[in-house]
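>>> model this:
(one chain, ligands or ions: 1)
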Amino acid sequence: MRLLITGGAGFIGSNLIHLLHRERPAWEVWNLDRLTYAANPQTVARLARLPRHRLICGDVADPVCVAACMDVDAVVNMAAESHVDRSLEDAARFLQTNVLGTQVLLQEATRRRIPRFLQVSTDEVYGEVLAGRSGEDSPPAPSNPYAASKAGADLLVQAWHRSHGLPALITRCANNYGPYQHPEKLIPRLILRALRGEPLPIFGDGAQVRDWIHVEDHCRGLLAALEHGAPGRTYNLGAEEERTNLAVARAILGHVGETGARIAHVADRPGHDRRYAVDAGRARRELGWAPRHRFDAGLAETAAWYAAERAWWEGLEPT
Ligand code: NAD
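Okay, here's the model as predicted:
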C-alpha cells in the first residue's frame, strides 16, 4: 500500500504518520506538504527518520506538483490552512489551499482512478449547535472563513463522488489536542503560557463549549474510515468530552502547577460559536471505531509533553 497524505508535516498529519509507522509498518507514505509556518522543522526532522516516509515539498493547489505525486493507492487530504483567527484576518490563502487545493487533488485522483480518497474535515462545518448533536446529514452552516472553506471542500468531494464516481469519503472531527500541535491553538497556547507563568487569555466569558478528542483517537478514526468506510459516506468523529474553554484553562493550571499564571478574559472573537457537538454514532457502528483517551488523562499527558519538549516550541513566536 502506498498512501499520499497531504499536510502530513502538520499536527494531525505527523501524528497519523507516526501511528502508521507503528501499526501499518509495511505501508509507504508519501507526504505532500508546502511546509508553511504550521509545519514545525523538528516535526519534519522526526518524520525524516522514519523508513518508508517520503516528504515532497509542494502545494496541493499546484496541478503539476500534484500530478507528480499521485502514483499511489489512496489519498488522505488534510493539507489546510487551519487557524480560525488567521482566516478572519486574511481568507484568501484558506480558499486557495482548502478549496482550490482540494479541487486539484480531486481532479488528479479522478484522472488516475485512485481507489480511495479520504477528505479530512471538521465539525466546524456544521456551525454552532446550542442543543443536541450534529448528524452527518445536518446542513453546513459555517460561521467563519476557515469553516466555510472546509465546507466548500466537502461539497466538492461530494460532487466529485456523484458526478465522477470517485470513491471518496469524508470525516468530520471535533477539536483535537495532543503532541505536535502548533501553539497558536487553544490548548498548547494555554499550556505554554502556564509554563511561562504568563496570563492565560480566554475569549469573552470562556463559556464556549468544545468536544475535545485526543489526536491519536482522531488518527485511528481516519485509519478506520480509510480501511472500512463506504465511498460517498461521511463519518463524524467525536469523543463526547465537552468542556468550556474556561474549564480547559483551569484544568491546565492544575496540571502545570503553580507558576504564577492566571486566567485573563479578553475581547471575544467575531462569529465565535458557542458550542460544537457531533453525533459519532455512525463511525462507532459502521467502522467499529471508538475513542480510547479520556480528556482529563489525555490533557495531563499533553501538558507533560509540552513541558518536556521545550526545544520543540521555544523557537516559535510566542502566542
Ligand atoms: P496544521 O495547521 O497543524 O497542519 C496543516 C499542514 O498543511 C501543515 O503541515 C502545512 O504546512 C500544510 N499545508 C498548508 N497549506 C498547504 C498547501 N497549500 N499544500 C500542501 N500543504 C499545505 O493543521 P491540523 O490541525 O493538523 O489539521 C489537519 C487537517 O485536519 C485540516 O484539514 C483540518 O481542517 C482538519 N481538522 C483539524 C482539527 C483540529 O482540531 N486541529 C479538527 C478537525 C479537522
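>>> wait, Ala290 sits on Arg284?
Yes: under the criterion of Cβ atoms under 8 Å, Ala290 makes contact with Arg284 at 5.6 Å. Every C-beta, even on glycine, is put in place using the N, C-alpha and C of the backbone.
>>> Looking at the two, which one has more neighbours?
Arg284 (18 against 13; other Cβ atoms under 10 Å).
>>> and the longest helix along the chain, what's its mean pLDDT?
With secondary structure taken from DSSP state H, the chain has its longest helix at helix 145-164. The pLDDT scores in helix 145-164 average 98.
>>> try stretch 82-100
So the average pLDDT for stretch 82-100 ends up being 96.
>>> which of the residues in that stretch are buried?
82-84, 86-88, 91, 94-95, 97-100 (16 or more other Cβ atoms under 10 Å).
>>> go on, stretch 131-146?
Arg133, Ser134, Glu136, Ser138, Pro140, Ala141, Pro142, Ser143, Asn144, Pro145, Tyr146.
>>> Contacts only, for the first one.
With contact set as Cβ atoms under 8 Å, 6 or more residues apart in numbering, Arg133 has these partners: Gly238, Ala277, Val278, Asp279.
>>> my read is Val120 is in a strand, agree?
Yes: counting by DSSP: H, G, I helix; E, B strand; the rest coil, Val120 is part of a strand.
>>> In contact with the residue in the stretch 1-150 of the chain that the ligand sits nearest to, which residues are there?
Closest contact between the stretch 1-150 of the chain and the ligand, by Cβ to the nearest ligand atom, is at Gly10 (1.9 Å). Going by Cβ under 8 Å, 6+ apart, Gly10 touches Asp33, Ala38, Ala39, Thr43, Met78, Ala79, Ala80, Ser82, His182.
>>> swap in Glu89?
No contacts exist for Glu89 under Cβ under 8 Å, 6+ apart.
>>> if we can go back for a sec, just the closest of the contacts of Arg133 to Leu200, please.
Distance to Leu200 across the contacts of Arg133 (Cβ to Cβ) is lowest for Ala277, with 24.0 Å.
>>> Distance check, that closest one against Ala147.
As judged by Cβ to Cβ, to the nearest Å, Ala277 and Ala147 stand 15 Å apart.
>>> What strand or helix carries Gly101?
Counting by DSSP states H and E, the element that carries Gly101 is helix 101-111.
>>> same question, Ser138
Per DSSP H and E, there is no helix or strand for Ser138.
>>> Over to Ile252?
helix 245-256.
>>> and the next element down the chain from that helix?
Assigned by DSSP H and E, the successor of helix 245-256 is strand 263-266.
>>> what angle sits between the helix holding Gly101 and helix 145-164?
20 degrees (axes from the mean of the first three to the mean of the last three Cα atoms, to 10 degrees).
>>> What are the contacting residues of helix 101-111?
By Cβ under 8 Å, 6+ apart, helix 101-111 touches 6, 59-63, 66-67, 70, 75, 77, 79, 117, 119, 153, 156-157, 160, 164, 166, 168.
>>> Understood, closing this out.
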